[in-house]
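Predicted model follows, preceded by the sequence.
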Amino acid sequence: MHEPLFEPLRMGAIAAKNRIIMAPLTRGRSTQPGSVPNAMMETYYRQRAGAGLIISEATGISVEGSGWPAAPGIWSEEQVEGWKPITRAVHDEGGAIVLQLWHMGRIVHPVFLGGEKPVSASATTAPGQAHTFEGRLDYQEARALETDEVARVVADYASAAENAMIAGFDGVQLHGANGYLVDQFLRDGTNLRTDRYGGTAQNRTRFLREVLEALIGVWGADRVGVRLSPNGETQGCDDSDPAATFGAAARTVEELGLAFLELREPGPDGTFGRTEVPKQSPLIRGIYSGALILNSDFTAEEADDAVAGGRCDAVSFGRPYISNPDLAARIAAGAEWAANVNVPQSWYLPGPAGYIDYPALGQGAGVVSEAAAG
């Protein structure tokens, strides 16, 4: 048994029974139209409640911010009601769950917006193609949010946070990573603004700060976290000085006293086309004094060493949780991890196959070595 991983962890007011965190995983199973969470999602999250904390899949805060087929939302009453059985199921199994709040910014294709342009920090275009209900479509140029319009988007985050509380979550995580809206404001490759939200690294963190302050106004800082990806290019979003940019972001998180900070730092084979660059987590560890979660591509042994050595307080696992609903129990038992069969085809397709049909340890599926990464 990997003892450091199974020590309880306090993240502000959130109590994690172990330090194995389920990372946010987009799975595209919500009911359409309406992006409403459903009974199949309830089963999925219940199966994975052995994690010390579940960070939900990225969840749209508004129609404007949502651009992934069948990703769930948290802006409507119907969506809130759909989430309630899910949070109850996790709690019934002794788990904890926070909702990841998502605005995709320029990654939203106009087909999701009735033909209107998506919004971003600046008028830029993401490279490549968007996943849509109509298939792959080239990204289109976003329009820059007007200075006096930013407050409206911040208010959307606050409203989503209020809905998350009604839905029974234990807190919220701001999605500030992977080239989405917050990241588009943070990085100088996508933030070309000349107002108070652009220019210096400190100015580029202003949007991050204002959103976090809005979330804290709803939940209190001890139930708010954030995910950042202080690595190289991601979905065309890059920065000329990551240490300055993400050092400033970490200072913002420290000053606000957030409950936890999750850092995604994958290697060259990670998703979103990232490149291998120097990791910023040692710098950020020296700035942020709260609970630090690292992700990704960890084995159980590497995660254990990272926690034991003080590099972080917990490790979040993504792809391994797809095919190992009982990942924490497998790590505790020293058991092998099940393979991610039919991946990536089963990641986003509708239906239960490759979603809720993976057996727990001892239920009779073939397993492979713990080489799976995520």
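Looks like it came in fine. Please read all numbers here as calculations on a predicted model, not as lab measurements.

only C-alpha atoms for contact and neighbour calcs from this point on.
Noted.

okay, and the helix or strand of the protein with the least pLDDT?
helix 345-348 (a mean of 84; mean pLDDT, DSSP states H and E).

Residues in contact with it: which ones?
Residues outside helix 345-348 that contact it (CA atoms under 8 Å, 6 or more residues apart in numbering): T26, R27, G28, R29, A353, G354, Y355.

which residues in the stretch 251-374 of the chain form helices?
With DSSP state H, counting those that start in this stretch, the ranges of helices along the stretch 251-374 of the chain come out as 281-285, 300-308, 320-323, 327-333, 345-348.

so which of the ones you listed is the most packed in?
helix 320-323 (a mean of 25; mean count of other CA atoms under 10 Å).

re the thing from before, looking at the helices of the stretch 251-374 of the chain, which is closest to M104?
helix 345-348 (17.2 Å; CA to CA).

which sections of the stretch 201-350 of the chain are below the confidence cut-off?
The stretch 201-350 of the chain contains residues with pLDDT under 70 at 267-277, 341-342.

Just the strands from it, written as ranges.
224-228, 260-264, 291-295, 314-317 (DSSP state E, counting those that start in this stretch).

ok, back up a step: for D188, which of the helices of the stretch 251-374 of the chain is the nearest?
Proximity to D188 (CA to CA) singles out helix 281-285 among those, at 19.0 Å.

Which strands or helices does the closest one pack on?
When contacts are defined as 3 or more CA pairs under 8 Å, 6 or more residues apart in numbering; DSSP states H and E, helix 281-285 sits against helix 242-256.

In the helix it packs on, which residues are buried?
Residues of helix 242-256 classed as buried: 242-243, 245-254, 256 (neighbour count, 16 or more other CA atoms under 10 Å).

and G286, how far is that from R311?
Here G286 is placed at a distance of 10 Å from R311 (CA to CA, to the nearest Å).

can I assume W102 is in contact with V63?
No - W102 lies out of contact with V63 (CA atoms under 8 Å); the separation is 10.8 Å.

The two - which one has more neighbours?
Using other CA atoms under 10 Å as the criterion, W102 and V63 rank with W102 on top: 26 against 17.

chain center to stretch 49-62, what's the gap?
7 Å (CA atoms, centre = their mean, to the nearest Å).

what do you get for stretch 98-111?
When distances are taken as CA atoms, centre = their mean, stretch 98-111 is centred 11 Å away from the chain's centroid.

For it, give the mean pLDDT please.
Averaged across stretch 98-111, pLDDT comes to 98.

Kindly format the C-alpha coordinates of it as PDB.
Extracted as PDB, the C-alpha positions of stretch 98-111 are listed here (Å, rounded to 0.1, in the frame of the first residue of the first chain):
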ATOM      1  CA  VAL A  98     -16.400  19.800  -6.700                       C
ATOM      2  CA  LEU A  99     -17.700  21.200 -10.000                       C
ATOM      3  CA  GLN A 100     -15.300  22.400 -12.600                       C
ATOM      4  CA  LEU A 101     -16.500  25.700 -14.100                       C
ATOM      5  CA  TRP A 102     -15.800  26.100 -17.800                       C
ATOM      6  CA  HIS A 103     -15.900  28.900 -20.400                       C
ATOM      7  CA  MET A 104     -14.200  27.800 -23.600                       C
ATOM      8  CA  GLY A 105     -13.700  31.200 -25.100                       C
ATOM      9  CA  ARG A 106     -12.400  31.100 -28.700                       C
ATOM     10  CA  ILE A 107     -12.600  27.300 -28.700                       C
ATOM     11  CA  VAL A 108     -16.400  27.600 -29.000                       C
ATOM     12  CA  HIS A 109     -17.400  27.300 -32.700                       C
ATOM     13  CA  PRO A 110     -20.100  29.700 -34.000                       C
ATOM     14  CA  VAL A 111     -22.300  26.600 -34.800                       C
END
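
buried ones in stretch 349-360?
L349, P350, G354, Y355, I356, Y358, P359, A360.

Make JSON lines from those residues and add distance to V111 to it.
Converted to JSON lines, those look like this (distance: CA to CA, whole Å):
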{"residue": "L349", "distance to V111": "20"}
{"residue": "P350", "distance to V111": "20"}
{"residue": "G354", "distance to V111": "28"}
{"residue": "Y355", "distance to V111": "27"}
{"residue": "I356", "distance to V111": "30"}
{"residue": "Y358", "distance to V111": "34"}
{"residue": "P359", "distance to V111": "37"}
{"residue": "A360", "distance to V111": "39"}
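
So which of those residues is the closest to S120?
Of all the buried residues of stretch 349-360, L349 has the smallest distance to S120: 28.1 Å, by CA to CA.

To what extent is G114 buried, counted in neighbours?
Residues near G114, counting by other CA under 10 Å, number 8.

Need phi/psi at it.
Main-chain torsions, G114, degrees, to the nearest 10: phi 60, psi 30.

quick one: it from P24, how far?
28 Å.

Then E134?
For E134 relative to P24 (CA to CA), the value is 25 Å.

Compare neighbour counts for these two and give me the winner.
More crowded of E134 and P24, by other CA under 10 Å: P24, with 23 against 9.

so what's that one up against?
I54, I55, S56, E57, A58, Q100, G318.

where does it land in three-state SS?
coil (DSSP: H, G, I helix; E, B strand; the rest coil).
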